[in-house]
Every structure is written in structure tokens, then in C-alpha cells.
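# Quick check, what structure comes out for this input:
(one chain, ligands or ions: 2)
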Amino acid sequence: MKDAAPSTPQAVRLEDYTPWSHVVDRVQLTFRLDPRATRVISRLSLEPNPAGPQGRRMFLHGEGLTLIRASIDGRAVTPDLTPDGLYCDVPEGPFTWECEVEIAPEGNTALEGLYMSNGMYCTQCEAEGFRKITYYPDRPDVMAPFDVRVESAMPVLLSNGNPGATGTLADGTPWVEWHDPWPKPSYLFALVAGDLRAHSDRFTTASDRDVALNIWVRPGDEDRCAYAMDALKRSMAWDEQVYGREYDLDVFNIVAVDDFNMGAMENKGLNIFNSKYVLASPQTATDRDYELIEGIIAHEYFHNWTGNRITCRDWFQLCLKEGLTVFRDQQFSGDQRSVPVKRIEDVLQLRARQFREDNGPLAHPVRPSSYIEINNFYTATVYEKGAEVIGMLKLLVGDAQYAEALALYFDRHDGDAATIEDWLAVFEDVTKRDLRQFSRWYTQAGTPRLSVEETFDAGTYTLRFRQRTPPTPGQAEKLPQVIPIAVGLLAPDGSEVVPTTVLEMTQEEQSFSFDGLAARPVPSLLRGFSAPVILDRASDAAERAFLLAHDTDAFNRWEAGRSLAKEVLLRMVGDNAPPSADYLAALDQVLADDTLDPAFRALVLQLPSEDDIAQSLHDNGTTPDPTAIHIARDALAHAQAEALAPKLPALFDAMTRPGPYTPDAEAAGCRALRHIALSLLTRLDGGDRAAQEFDRADNMTEELGALGLLIRAGRGTDPVARFAERWGHDRLVMDKWFQLQVNMAPPEQAVTRAETLAQRPDFDWKNPNKFRALIGGLAANAAGFHDPSGAGYRFVGEWLSRLDKVNPQTTARMTTVFETWPRYDADRQDMIRETLTRIANTPDLSRDTAEMVSRILG
Ligand code: ARG
Ligand code: ZN
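Ligands and ions are numbered 1, 2, ... in the order given. All right, here's what the predicted structure looks like:
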């Protein structure tokens, strides 16, 4: 059946949901591991589902399996095999299904199901990988307790739940058993076998459960687990304190794997991580890596309640677990570090990834209503916009009712496979609000544009807002959404006359008034970025500079500086205007203000990305020229350097902290500001100071930071070689090396650089991290990728066609580098479409990539 014709891709639709015909009461799995011929025996206790379709036939998913035998209640049966599973006649009442299949993990380069990475066995089952392990109703609404037995000579054998018996087979093969008492869908199944070492610790829960914690890594990596372990323990304590959620098994295992399509996976009691989000030492990991490790460890841990104990009825409900879990991990990171700094970083990400998606051909609702390949919907919209929707809900109902609603959600739906309707019903029941209009945030795609006009008359200040959401694929008309607009008003002297108030906009056009004001106020709108919208507001540079200096809302203070920088840049690109002196003076003030958090100051000094400027130009009806944008941004950075020059050396010194590296937010903030000072100084001294820094750096944050600046300054050759000598043995550090060289290369050299690097024997392109580092690194060099010759498009396109043969999921994800094509000029559009068409015509293209390319082409 391996040679069976592939099924023609068919869209799955939310409206077609039907429960499964049966209920699984128990799952017993036995694995006899072998790289080329693993045997999987599955025994399922089944009974008819009173809520499902009745009948004497059942369907089980299965892909790429060799069926050895199958039986029902001990009697052999011959099911009808199809390309995506099997049908079998079944008895009327309860029965036991058993089957044995053979699979070959060694040849599994797609990294879905059971596969091998550096000699170890591991699994990735979300979303639909379990069907590549055995025949099963591989859908999230089928939940069952699992007992797993693993037979293998590998020293460490892990699965979900609590450890059980161990023993040895007659032929000497060791086996171990694992029992997971919590009913779970198959996508949360996991198995790991390998020569692994543990970094271990313990955690006592609020109700005194003693939990063994282990982070499993390859020998030699044990000393890089301390930070992840610390983050795990802080996450466990935080979820108890803030959400009242305790851990529910005797062990919590995390495994680091080098070959992984995504960041990490929340399998029950056995989280599997991309090793780059676990392993860290000061010498090998940057501040950004530490921050990501903390956030992702928390994210996967928090899934234990939001995702595992309460899961999704179907994959359309993905945001039910992902949006909520992202929201929770963002809250956690804010609490651990700095709430405003975290919020700014999250909004930067949201705009860079989700707004970009929402404003292009791939726009889709937070809860999509149809898909061909669900793996293509693990998107910034489902995750990040899904989290924003929860943030808005919390803002609208207030903290106390949010807490009540969450308590009810856990109480009412524990053990369920739930829907967005269930989630909203909990809030409606607690708050007595009607959330039907609010639910449009889940069903309407596109980023709403919010415009505002203001009047001041006899002490009354009126804001008149108008909302409009542009059409998106398949959704021409949009209805007005509920938009919480957090507003504060400042008096001309900078004092706050109206503290933060949340205006609840529900109409297409709506006015809000404030009385009794002595003078026309300066409004601070959308404080804390209270809704994921684009605010169009004509305001002069002086007012933005005023807000940058006086706003009490840290987010909007930053936002004022940001929009100022953007306006300056847009004028520099469009009219060749000189950099604005007002803007530079405002920066000068922020820089010198020691009362401001260094991390915050670093964010204010950071310029908008080239992609961000391109999107803004497009929004204003101008065709962006990536080269012109690059030149303008460089010119503004240079002007920053010159204007701030007198203060930079002292700032650099002030941010240089004595003592060894520590990864905490405060120290990281100083390094971030120090790096910006160094970056600006490099524009003035040609890289002398960066060269010294590269020599003396004793941590990866500073070493890599200096290396990037030297590459940008055209002095990279020698340090790049020295870095490779020093770190050639370290795969994670070398990923950074590949990435940085194309990312920081002058645009006209970026493609050649990438081509040369792709020839290296250590460019292990089948490893998703390496592929993303080099190919994704080029795409992130906007002016290099969009080189007028089209060489960047062709290079990336050829690599995507090649990768599709081995790893459809990562290929499909990376096609999004082309999603912005409608922004560009006719020549570039033609070249990108040609590249996409060539990918589409690749023989045997995966349905993952086929779906993406056809959506991008529209
Ligand atoms: N649930 C995981 C997370 O967000 C993501 C795994 C998705 N994997 C996939 N192949 N679609 O933590
Ligand atoms: Zn998640």
C-alpha cells in the first residue's frame, strides 16, 4: 500500500464537523524500535459513540504504514486500505481492535511521526503525525488514556505520563512501560529513545505533589540546561500563583532534539524541544536566545492546562489553545522581566509577522473555516493575533472577571475537546455580556484601520473614530468589530488630565467626549496597544516628540518615537528629505535620560525594519523600492550616529557592567543599549571599537553583536574566519554564523554570499534550523533578497523546490517569504510569480507547499 496513489487534496471545512463513530476507552501501544523496521502494535478498546454517526463500519487514519496484521476481539480481519487510512467492519457493541504495522523512522526526513535525529528516536505528532505511527482515529476530539511499552537497546526510553515497569525480553532487549492516566488526543503522544543525559531537579506543587523534572540532552550538553530548568520551575510556580493551575503527573520530561520543524511541542509530560530553545550557556547563547528559551519553556508548560487538559474539538479551534497559551506566556515573560518592554517586543513581532500576513494573500481569520493542510495554519494570525484577541477580552471585562471566567473555563471544560463557542460562552456566563459582535475577531480576517478626528470646543474634547477593515481573500465585506481603545489625555504642560480610560467602540463610526478641560489636550491613543489595529492619525512631529517626552504610558511613549522615525524615513525615501532635526533632538533626550530603563531606551533607538517601511509605503499607495529603503535607513542611522556622537562613548562605558555575564533582563537591557551605542559608533569609526569588542567579548551576545557590525562595516573577512574556527564544532552557534553573514551582508553581496555558504559541507540543509538560518537569513536581508536582478528569488525558489522533497512542512512555511509580492513593482512581481510558478510545477510537489503557493499566487 506504500505505492498507493496519493489522495487528491481536498479542503476540510469547519461546517462539516461530525464526531467520530466510536469512543476509545483505552490505548495500549508496544514499540519494538528499529531504524528501518520498527514494529508498532496497537490495541484499542472501543465502543460506539452515542453522539456520533451510528453504523457497523469504522475509519482509522493511517499514512505510509505497512499493515502486518489486524484483528477484532482476537479474530483476524482484513480491512479495506485507502491512501489515507482504512475502513473495517466492526461489531455492534464494544470491541477490541488490534493491529501491527511496520514503519521506517530512519528514512523519515519530513520529521512528522516517528523519526530519527542524530541517532535518537523521537516523535512529532501535532497536528496529524500519529497516523504515520499506527492506524488510529487521529483527531483531537478522540481522547483516551495511553499505556505505552517501548522495547529497545537505547539507554533512555521515554513516553508520556508516569514511568511503570521495566524488564528484559528473552532476547535480551530491555523494555520500559509508561502510563498516562489523563485522557489525551493522539497529537499529544510522544516517544523518545536514545543515548541521553539528564539535567534533573524537583518541584513541589502547591498541593504537595513531588515532581521529578528532567531535561534530556545529548552527552556533552548537560551543562547547558540550567537556564531552561530554572525557567521551568518559575513557570510552574507562576501558573499556580496566577492561574491556580498545578502540574498533574509525577514526572515532567523535556527532550532537546536537533532536527525539529517548529519551536517545541507540549506532549503530555514529555515536551520535545528544538534544541535551540533549550541549550544555553553564556558563551554560546545570546540574550535573545535566553529570552526565547524562557518564553517557550513557559509556553509548552502552560499548554498542560490550556491545550492538554482542555484540548481542541477540531483543528479549526487551534487558537483556543495557541492564542490562550501565547497570551499566558506573554504575561509570564512580562512578569519575569518588564511589562512595557515585553509589550513593545510583542507588538513589534505582531506587526512584523501578523500584520504582514493579514495584509497579503495569506490573510485568514484567527479561526479559519477551511484548510487543505492544517500544518499551514500554525501562523502568526492563529498564535499572535489569537493572543491579542484574548488581551482585548481581558481589557473589556476587567481583570477580576477575566480571572472568574478562566476559573469557570477550567472547571467546566477540564477533560473536554472544546470550541471557541465554549470559550466565549464562559465569558458570557460570567460577565452577562453579549459577545456575538466580539466573536467577529475570530471569523473576520484583516487588520482593521482606525482613523480619528478630534474637536475641542468650550472645554469639551471629542474624539471621532472610524473603523474600516480592508477586504481579504474570500471576505470582501467586513462588519464593524468591537475595538477597545485605551485613551489618556495630557495637558500642554505634560501633566495627565485624563488617566487611561477604555473606550469601547462597536460602531463603524463613533464619538467619545471628555468634558471640563481647561485647554485642548494631547491625546495618547491605543495605550498599551489595546487592539491589533492600524491607527491612522495625522499628527505633527512636535506632538509626537511631546508624547515621546511626556506620555505616562510607556508603550505609547515608545510608539511616539517609532512613528516619528517612520515618518522621517518615509520622507527620506520618497522626497529625499534630510533626516529631521526634531527627531534627532528627541532621541538625544531619551538617550540621556537615566531614569529610563536601558532596554526601553534601546527599543526607542532601534529604527523600523526595511520590511516595515516597505509595508507603510505600500499602505500609502507608493510602490516600495527595497534598495532606496535600505539606503534611506542607513542614512538615518548615520545621522543618528552623528547627532548622538558626543554622548555615545560615555553611554557605551556606562552600559558596560563589571563582572561575569548574567542572563537577567536588567543586564540584557544594558547590553542591548550598549550594542546600539557600539553600532552607531561603528558608523563613525569604521569598526575599530567593534574589532576590540570582538576580541574581548566573553559571551555570545557581545561576540555575535560585534561580528555583525564588522561584517556590515566591510571588515568581516578575518573575524568571520576566526569565529568559524572557534565554533565550528557547535551546530547551534554555527547556525548564527550562517545567518549573520547573509543577513548583515551589503545587499548587493547577499546572494553571492548565500550561494557560497550553501556549498559548504557543513551546510546540512536537511536540518530545519540550518535551512532557516541560511535561506531564511537571505530572505530577511530585504534589499538583498529583492535584488533587482531577481537572483535572490531564484536562489530561494530553487532551495525550496529541493527541500520540498525531504521536508514539506518546513518548505511550505518558508514560502511565506514571498507573501509580500503584491507590494512591489511589475518587474519584481513577474519574477516572484515566475519563481512561485516554478515551485508549483515541481514534480510531486507536496500538498503542504502546493496549498501555500496557490494561496500566495491568489
Ligand atoms: N503546539 C506546538 C506549540 O505551539 C506547535 C507544534 C506544531 N507543530 C506542527 N507540526 N504543526 O507549542
Ligand atoms: Zn503552543
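
# Not including adjacent chain positions, what is the nearest residue to the residue of the stretch 451-600 of the chain found nearest ligand 1?
Nearest residue of the stretch 451-600 of the chain to ligand 1 (CB to the nearest ligand atom) works out as Pro532 at 19.2 Å. From N, CA and C alone the C-beta is placed, and that goes for glycine too. Closest residue to Pro532 apart from its sequence neighbours, by CB to CB, 6 or more residues apart in numbering: Glu388 at 4.2 Å.

# near ligand 1, which residues of the stretch 101-250 of the chain?
Gln124, Glu126, Ala127 (CB under 6 Å from any ligand atom).

# Over to the chain?
When proximity is defined by CB under 6 Å from any ligand atom, the chain lies next to ligand 1 at 124, 126-127, 261-262, 264-266, 299-300, 322, 375, 378, 809.

# do that again at 8 Å, thanks
By the criterion of CB under 8 Å from any ligand atom, the positions of the chain lying close to ligand 1 are 112, 124, 126-127, 129, 261-266, 296, 299-300, 303, 307, 321-322, 325, 374-375, 378, 383, 809.

# and Leu503, what are its bridge partners?
For Leu503, the beta-bridge partners are Ile485 (DSSP bridges).

# Kindly confirm whether my reading is correct that it touches Val487.
Yes - if you go by CB atoms under 8 Å, Leu503 and Val487 touch, sitting 5.8 Å apart.

# Please state the backbone phi and psi of Ser117?
Ser117 adopts backbone torsions of phi -140, psi 120, taken as degrees, to the nearest 10.

# coming back round to it: settle it for me: which of Leu503 and Val487 has more neighbours?
Val487 (22 against 16; other CB atoms under 10 Å).

# how about that one, what does it touch?
Taking CB atoms under 8 Å, 6 or more residues apart in numbering as the criterion, Val487 is in contact with Leu463, Val498, Thr500, Thr501, Val502, Leu503, Phe512, Pro523, Ser524, Leu525, Leu526, Arg527.

# And what about it, helix, strand or coil?
Recorded secondary structure, Val487: strand (DSSP: H, G, I helix; E, B strand; the rest coil).

# Next, work out how far apart the residue of the chain most remote from its centre and Pro492 are.
With distances taken from the mean C-alpha point of the chain and given as CA atoms, centre = their mean, the most distant residue is Ala458, at 49.1 Å. Relative to Pro492, Ala458 is positioned 17 Å away (CB to CB, to the nearest Å).

# roughly how far apart are the residue of the stretch 701-850 of the chain found nearest ligand 1 and Asn108?
Closest contact between the stretch 701-850 of the chain and ligand 1, by CB to the nearest ligand atom, is at Gln809 (5.8 Å). Gln809 sits 12 Å away from Asn108 when distances are taken as CB to CB.

# Identify the contacts common to Leu503 and Val487.
Leu463, Phe512.

# show me what contacts Arg601?
Contact analysis of Arg601 by CB under 8 Å, 6+ apart lists Val590, Leu591, Asp593, Leu673.

# repeat that for 7 Å
With contact taken as CB atoms under 7 Å, 6 or more residues apart in numbering, Arg601 is in contact with Val590, Leu591, Leu673.

# which element is it on?
Using DSSP states H and E, Arg601 sits in helix 598-605.

# Pull out the buried residues from that helix.
Buried positions in helix 598-605, judged by neighbour count with 16 or more other CB atoms under 10 Å: Pro598, Ala599, Phe600, Arg601, Ala602, Leu603, Val604, Leu605.

# Can you tell me, leaving aside adjacent residues, what's nearest to the second one?
In other words, Ala599. That would be Gly669: by CB to CB, 6+ apart, it lies 3.0 Å from Ala599.

# what's the strand or helix carrying the one you found packed up against?
Per DSSP H and E: Gly669 is located in helix 665-685. Secondary-structure packing of helix 665-685 (3 or more CB pairs under 7 Å, 6 or more residues apart in numbering; DSSP states H and E): helix 598-605, helix 626-644, helix 648-654, helix 688-696, helix 700-712.

# Rebuild those helices as TSV, extending it with distance to ligand 2 and mean pLDDT.
Supplementary listing: the helices and strands packed on helix 665-685 in TSV, determined by distance: least, CB to the ion, whole Å; pLDDT from 0 to 100:
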stretch	distance to ligand 2	mean pLDDT
helix 598-605	26	98
helix 626-644	33	97
helix 648-654	39	97
helix 688-696	37	98
helix 700-712	27	98
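
# May I see the ones you listed arranged in TSV, with distance to Asp827 as well?
Listed next are the helices and strands packed on helix 665-685 as TSV, based on distance: least, CB to CB, whole Å:
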stretch	distance to Asp827
helix 598-605	35
helix 626-644	12
helix 648-654	41
helix 688-696	37
helix 700-712	28
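
# Tally up the residues packed near the closest residue to Phe785 other than its chain neighbours, please.
Closest residue to Phe785 apart from its sequence neighbours, by CB to CB, 6+ apart: Gly792 at 4.1 Å. Per other CB under 10 Å, the neighbour tally for Gly792 reads 28.

# Name the next helix or strand downstream of the helix or strand hosting Gly792, please.
Assigned by DSSP H and E, Gly792 belongs to helix 791-806. Next along the chain after helix 791-806, taking DSSP H and E as the criterion, comes helix 808-814.

# Any idea how far that next one is from the middle of the chain?
15 Å (CA atoms, centre = their mean, to the nearest Å).

# ok, now stretch 225-236?
Centroid displacement of stretch 225-236 relative to its chain, using CA atoms, centre = their mean, is 20 Å.

# With stretch 157-176 instead?
Relative to the mean C-alpha coordinate of its chain, stretch 157-176 is positioned 35 Å out (CA atoms, centre = their mean).

# How about stretch 707-715?
Per CA atoms, centre = their mean, the centroid offset for stretch 707-715 relative to its chain is 29 Å.

# try stretch 149-157
When C-alpha coordinates are averaged (CA atoms, centre = their mean), stretch 149-157 and its chain have centres 32 Å apart.

# Begin at 20, not 1, for the rest of this chat.
Got it, first residue is 20 now, which makes that one stretch 168-176.

# coming back round to it: which residues does the helix holding Gly688 contact?
With contacts defined as CB under 7 Å, 6+ apart, helix 684-704 is touched by 306, 356-357, 616-618, 620-621, 624, 656-657, 659-660, 663-664, 667, 670-671, 674-676, 708-709, 712, 720-721, 724, 728, 732.

# quick one: pLDDT of Met20?
Reported pLDDT at Met20 in the predicted model: 37.

# Okay, and the closest residue in space to Asp806 that isn't next to it in sequence sits in which element?
Nearest non-adjacent residue to Asp806, counting by CB to CB, 6+ apart: Val770, 6.0 Å away. Val770 is part of helix 766-777 when elements are defined by DSSP H and E.

# CA-only coordinates of that helix in PDB, if you can.
This file holds the C-alpha atoms of helix 766-777, laid out as PDB (Å, rounded to 0.1, in the frame of the first residue of the first chain):
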ATOM      1  CA  PRO A 766      22.600  43.900  -0.200                       C
ATOM      2  CA  GLU A 767      24.500  43.600  -3.500                       C
ATOM      3  CA  GLN A 768      26.600  40.900  -2.000                       C
ATOM      4  CA  ALA A 769      24.000  38.900  -0.100                       C
ATOM      5  CA  VAL A 770      23.000  36.400  -2.800                       C
ATOM      6  CA  THR A 771      26.600  35.600  -3.700                       C
ATOM      7  CA  ARG A 772      27.400  35.100   0.000                       C
ATOM      8  CA  ALA A 773      24.500  32.800   0.400                       C
ATOM      9  CA  GLU A 774      25.400  30.800  -2.700                       C
ATOM     10  CA  THR A 775      29.000  30.300  -1.400                       C
ATOM     11  CA  LEU A 776      27.800  29.300   2.000                       C
ATOM     12  CA  ALA A 777      25.300  26.900   0.600                       C
END
